[in-house]
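> Output the structure for:
(one chain, ligands or ions: 2)
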Amino acid sequence: MEQRKDWWKDSLVYQIYPRSFQDSNGDGIGDINGIRQRLEYLKDLGVDVIWLSPVYQSPNDDNGYDISDYQAIMEEFGTMEDFDRMLEEIHGLGMKLVMDLVVNHTSDEHPWFRESRKSRDNPYREYYVWKEPRAGARIRPGAARPGETDEAAPNNWASRFRGSAWEWEEATGMYYLHMFSKKQPDLNWENPKVRREIYDMMTWWGRKGIDGFRMDVISMLSKNQDYPDGELKDGNPYGEGLPYYANGPRIHEFIKEMNREVLSKFDWMTVGEGVGVGPEEALDYAGFQSHELNMMFHFEHVEISPGPYGKWNNNPADLVELKQVLSRWQTKLEGKAWNSLFWENHDYPRAVSRFGSDDPRYRELSAKMLAICLYLMKGTPYVYQGQELGMTNCPFTELSDYRDIEIHRVYHEMVEEGGIPHEEMMTYIHHTGRDNARTPMQWDDTPGAGFSTGVPWIPLNPNYKEINVKEQQSRQDSVYWFYKNLFRFRKDSQIVKEGTYRLLLPEHPGVFAYERCFKGQRLLVACNFTPQYQELFLSALTEKNPEVVLRNYEETGDGKGLRPFEGIAWLYEGLSV
Ligand code: GLC
Ligand code: CA
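Ligands and ions are numbered 1, 2, ... in the order given. Modelled structure (predicted):
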């Protein structure tokens with residue numbers, strides 16, 4: 001069968017974080033053969049495309065986002081034969097596989113870096129970013145007392161995992177750049193040899209038959225070559241280099257080249273992780289005429305309501321801001337580029353805890369409401385493992401239960417060096433930390449939650465006894481069934497796929513309402529983000545005799561407003577209400 005060029009537009013993408021999805025051999029770590037056992041589950045849910053977080057060889061400093069061999073499988077996850085079998089089975093079920101491409105950096109254990117650090121004139125030296133110390137400054141590697149930094153570092157940039165972005169190497173008397181952990185040195189994309197190696201590696205995977213790439217921090221490949229100091233903010237002793245490393249001077253040249261050399265040769269889906277990318281920039285990366293990528297992920301909606309320490313806060317999400325952000329992306333990209341729709345991934349807390357309510361009274365209702373709200377917008381829908389159950393943030397009370405390197409680094413810097421009280425920091429970590437999304441998938445209520453027969457690498461969320469696949473599959477009114485039905489509806493709905501978007505009631509603090517419009521048809525979506533009743537005066541709508549196409553309450557309401565966390569979508573012909 002001839003494939004449509006833009007098949008990715010109406011595909012449902014499901015993200016697997018392999019470490020936490022399914023363990024097949026009882027070592028407590030999810031693996032490829034585990035994924036193979038669950039492919040039927042995904043097919044049955046309605047998944048078209050699997051995005052698999054990294055499974056490459058890695059010392060696991062950042063759970064596989066630090067790669068030491070791009071063409072080998074991490075031992076804990078299995079073998080290349082297991083991978084090939086999985087790919088064949090995915091295709092056999094009529095699904096596709098999108099891999100993670102992590103090429104802003106490698107692991108420091110990658111052979112290129114092992115060579116690079118050996119001497120100043122090693123042939124691999126220019127594969128990474130090495131700089132001299134600042135002239136006249138005293139070198140104080142890593143160590144700094146509160147509020148102090150290493151003045152000799154080439155500039156003041158903070159790593160995205162806190163601390164300096166530069167690591168001092170005594171052996172050759174220079175610093176190297178690492179925008180994430182010091183075990184993730186940044187590749188030097190200015191070097192054409194690096195780009196060639198990456199393109200060849202991508203082509204190798206393409207020939208294996210994969211169906212595309214999700215591109216890790218792709219907006220960060222081109223750095224401002226002057227490496228200017230960044231602004232000091234969010235109580236961070238190091239500077240914010242974002243304006244100099246995101247959307248840098250040569251970024252579009254690089255991605256266009258990648259497109260020419262690799263992407264254009266395959267029938268792929270590509271999605272770029274857009275750190276520091278707003279709608280204007282997205283038009284450059286993913287415009288229909290850009291010859292770069294199919295879509296971008298942005299983070300503006302999941303990063304709303306920051307606090308004095310930026311991402312580390314305990315603030316409720318401001319609905320008016322959320323509406324503005326999501327609507328801006330819908331309207332700015334209309335007719336020019338394609339949106340990606342997501343609430344969750346492996347880097348953010350669980351949506352039901354952040355934007356809905358994980359209070360048992362409202363958990364299921366609000367999980368369904370959030371699905372109605374986002375997935376009736378225009379774009380490709382992405383679901384993160386466990387989201388289809390309404391999995392919640394984890395209630396860890398001990399720092400040692402957390403595994404994420406970012407959490408441990410930020411705790412060290414803000415509590416041990418910065419003096420923020422332990423209890424305060426723990427509430428921030430519980431609210432926004434990445435491990436909230438990384439606890440094992442909850443398949444059933446047996447001791448390992450059906451994830452593993454051994455001890456999981458990270459503790460289970462204790463609520464797996466109530467929240468799990470088995471229980472939800474057995475009950476038609478579960479979040480699981482709601483997701484399944486919603487995506488079935490979406491598949492056949494021209495108005496959801498193609499319709500234009502208009503935000504209604506932009507200033508309403510509790511209700512997110514919008515309208516989609518396509519060929520004289522209208523889809524009205526109204527969602528209550530609060531546990532209170534919200535009066536809406538829906539009588540004008542009632543007169544139009546609308547058909548309710550989706551709703552999260554069993555019984556119809558009073559026609560005048562929305563009950564706690566109620567979400568409804570109506571379809572009708574004619575003029576706007
Ligand atoms: C991306 C990944 C994140 C990782 C980082 C460094 O943001 O999603 O998990 O830590 O890049 O690779
Ligand atoms: Ca395993």
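> mind listing what's buried in stretch 65-76?
Buried residues in stretch 65-76, counting neighbours by 16 or more other Cβ atoms under 10 Å, are found at 65, 66, 67, 68, 70, 73, 74, 76. Bear in mind the C-beta positions are built from the backbone N, C-alpha and C, glycine included.
> Please enumerate the helices of the stretch 101-250 of the chain.
111-116, 192-208, 242-245 (DSSP state H, counting those that start in this stretch).
> Show me the one of those that comes nearest ligand 2.
Across the helices of the stretch 101-250 of the chain, ligand 2 has its closest neighbour in helix 192-208 (22.7 Å, Cβ to the ion).
> Not counting its neighbours along the chain, what's nearest the residue in the chain positioned nearest to ligand 1?
Proximity to ligand 1, evaluated over the chain using Cβ to the nearest ligand atom, is greatest for residue 65 at 3.4 Å. Take residue 65 and drop its neighbours on the chain: the residue closest to it by Cβ to Cβ, 6 or more residues apart in numbering is residue 102, 5.4 Å away.
> pretty sure the one you found contacts residue 67?
Yes - contact criterion Cβ atoms under 8 Å: residue 102 and residue 67 qualify, at 5.6 Å.
> Between these two, which contacts overlap?
Taking Cβ atoms under 8 Å, 6 or more residues apart in numbering as the contact rule, residue 102 and residue 67 both touch 54, 56.
> what domains does the record give for the protein?
Here the domain parsing of the chain from automatic domain parsing is 7-106+192-399+436-483, 107-186, 500-573.
> Is the longest one positioned near ligand 2?
Yes - Domain 7-106+192-399+436-483 lies within reach of ligand 2 by Cβ under 5 Å from the ion, at 23, 25, 27, 29, 31.
> would TSV of those with pLDDT and secondary structure be doable?
Below are those laid out as TSV (pLDDT from 0 to 100; DSSP: H, G, I helix; E, B strand; the rest coil):
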residue	pLDDT	secondary structure
23	99	coil
25	98	coil
27	98	coil
29	98	coil
31	99	coil
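> Can you name the residues in contact with stretch 340-355?
Contact partners of stretch 340-355, identified using Cβ under 8 Å, 6+ apart, comprise 15, 17, 53, 271, 295-297, 302, 317, 322, 358, 363, 366-367, 370, 374-375, 377, 379-384, 386-387, 390-393, 431-434, 436-438, 529.
> Got phi/psi on the spatially closest residue to residue 420 that is not a sequence neighbour?
Once flanking residues are discounted, residue 420 sits nearest to residue 414: 4.7 Å by Cβ to Cβ, 6+ apart. Dihedral pair for residue 414: phi -80, psi -30, per degrees, to the nearest 10.
> what's the burial count for residue 414?
When counting by other Cβ atoms under 10 Å, one arrives at 22 neighbours for residue 414.
> list the contacts for residue 527?
Residue 527 neighbours (Cβ under 8 Å, 6+ apart): 369, 370, 372, 373, 511, 512, 513, 562, 566, 567, 568.
> Which of the three states applies to it?
strand (DSSP: H, G, I helix; E, B strand; the rest coil).
> which residues does it bridge with?
residue 512, residue 567 (DSSP bridges).
> can you pull out the strands in the stretch 251-400 of the chain?
269-273, 295-297, 340-341, 380-384 (DSSP state E, counting those that start in this stretch).
> returning to what we had before: so for residue 408, which of the domains of the chain sits nearest?
domain 7-106+192-399+436-483 (7.6 Å; Cβ to Cβ).
> now the closest one, how far from the centre of its chain.
How far domain 7-106+192-399+436-483 lies from its chain's middle: 4 Å, per Cα atoms, centre = their mean, to the nearest Å.
> Phi first, then psi, for residue 535.
Main-chain torsions, residue 535, degrees, to the nearest 10: phi -70, psi 140.
> I'd assumed residue 561 was in contact with it.
Yes - distance between residue 535 and residue 561: 4.2 Å, which falls inside the contact criterion (Cβ under 8 Å).
> With neighbour numbers in mind, choose between those two.
Taking neighbours as other Cβ under 10 Å, residue 535 and residue 561 compare with residue 561 leading, 17 against 11.
> Could you check how far that one is from residue 510?
Using Cβ to Cβ, to the nearest Å, we find residue 561 at a distance of 10 Å from residue 510.
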